[in-house]
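Q: The sequence isn't on hand, but the structure is:
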C-alpha cells in the first residue's frame, strides 16, 4: 500500500483540501512554493508512463480538479502542474500524482 493510499484510508494524517470519488488533494508536507498541493487519484497508478487509455478520464479529472483548486487558492496570476515520472524525473512515491504549485513567480527551466 502506497503512502497516498494510506492517506486516503485515513491511516496517515494529511491536510486534505479536496476530496471526491476519484481523487483527493492534500497540502505537500515539504512545499516548494507558497501553494503546493498534491492531487492524487484514489486508484493507484504507479506512474504516468504506466497509465493506459483506460486511465484517460481519470488523468483528465486530476488536471481539471487541480485547476479548480488553483481558482479556490486564488492563483489567478498563474500556477504550474507537474507530474514526475521515475527516479530521474523526481518521482519519490510510486503513485502518480499532480503537483499544483503557485503563489509566487515560478522560474524556467524548473530543474
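A: Thanks, I have it. All values derive from a computational prediction rather than experimental measurement. Numbering: from 1, shown residues only.

Q: Regarding the closest residue to residue 20 other than its chain neighbours, what is its secondary structure?
A: With sequence-adjacent residues excluded and distances taken as Cβ to Cβ, 6 or more residues apart in numbering, residue 20 is closest to residue 65, at 7.3 Å. Glycine gets a C-beta too; all of them are placed from N, C-alpha and C. Assigned by DSSP: H, G, I helix; E, B strand; the rest coil, the conformation of residue 65 is helix.

Q: And the strands in the protein?
A: Counting by DSSP state E, the chain has these strands, from start to end: 16-19, 23-27, 35-41, 79-82, 98-102.

Q: CSV please, covering these and showing mean neighbour count.
A: What follows is the strands of the chain, written out as CSV (neighbours: other Cβ atoms under 10 Å):
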stretch, mean neighbour count
strand 16-19, 15
strand 23-27, 20
strand 35-41, 23
strand 79-82, 17
strand 98-102, 22
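
Q: picking that back up, now do the residue nearest to residue 20 against residue 98, distance only.
A: Plainly put, residue 65 is 8 Å away from residue 98 if you go by Cβ to Cβ, to the nearest Å.

Q: next one: residue 7
A: 15 Å.

Q: Over to residue 72?
A: Between residue 72 and residue 98 the distance is 15 Å, computed by Cβ to Cβ.

Q: How about residues contacting the worst-scoring helix or strand of the chain on mean pLDDT?
A: Taking mean pLDDT, DSSP states H and E as the measure, the helices and strands of the chain show their lowest mean at helix 3-8, namely a mean of 95. Counting by Cβ atoms under 8 Å, 6 or more residues apart in numbering, helix 3-8 makes contact with 12-14, 16, 24, 26, 38, 40, 42, 44, 93, 95, 97, all of which sit outside it.

Q: Go through those residues and say which is closest to residue 87.
A: Each of those was scored against residue 87 by Cβ to Cβ, and residue 93 proved nearest at 11.5 Å.
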